[in-house]
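1. predicted model and sequence follow; I will ask about them next.
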Amino acid sequence: MVGQRGLETASEFIGDLAARLSHRVQLTTDGHRPYLNAVEDAFGGDIDFAQLIKIYGSSGDAQTRYSPGQCIGIACNTVTGNPDPKHISTSFVERQNLTMRN
């Protein structure tokens, strides 16, 4: 889905996802706050939901000041249910996004 990174787009995206699923799933998102409300509204408590938040260091280079710095760590937060820590990842969708952009 393409749209603004706000609650309206997050709610539409997650609502569509929930409508396509017939059983409980594990979902991982980045730390984008609108996902918290969108997932709660679409799934209630019937999901194993975690957020993976990347921690970036400062790039220090004026030419790359609009790009994120190097990822220096992550924080994994369980939001709802009992997500399996081995499967808390955003790598699959990040790889797909990179493939689609090339």
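-> Thanks, I have the structure now. Residues are numbered from 1 along each chain as shown.
2. so, low pLDDT: which residues of the protein?
-> By pLDDT under 70, the low-scoring segments of the chain are 59-66, 93-102.
3. let me see the contact set for the residue most central in space within it.
-> The centroid of the chain falls nearest to Thr29 when counting by CA atoms, centre = their mean (1.9 Å). Residues near Thr29 by CB atoms under 8 Å, 6 or more residues apart in numbering: 35, 39, 49, 51-52, 90. C-beta: built from backbone N, CA, C; applies to glycine.
4. repeat that for Asp30.
-> For Asp30, the contact set (CB under 8 Å, 6+ apart) comprises 51-54, 90.
5. next one: the residue nearest to the centre of the chain from Gly57, what distance?
-> Taking CB to CB, to the nearest Å as the criterion, Thr29 is separated from Gly57 by 22 Å.
6. can I get the top helix by length along the chain in CSV, CA atoms only?
-> What stands out as the longest helix in the chain, according to DSSP state H, is helix 7-20. Below are the C-alpha coordinates for helix 7-20, written out as CSV (Å, rounded to 0.1, in the frame of the first residue of the first chain):
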residue,chain,number,x,y,z
LEU,A,7,-2.9,6.6,11.3
GLU,A,8,-5.4,6.6,8.5
THR,A,9,-3.1,4.7,6.1
ALA,A,10,-1.9,2.4,8.8
SER,A,11,-5.4,1.6,9.8
GLU,A,12,-6.4,0.9,6.2
PHE,A,13,-3.4,-1.3,5.6
ILE,A,14,-3.6,-3.3,8.8
GLY,A,15,-7.4,-3.6,8.4
ASP,A,16,-7.0,-5.1,4.9
LEU,A,17,-4.4,-7.5,6.3
ALA,A,18,-6.6,-8.7,9.1
ALA,A,19,-9.5,-9.2,6.6
ARG,A,20,-7.3,-11.5,4.5
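7. please consider this matter closed, and thank you.
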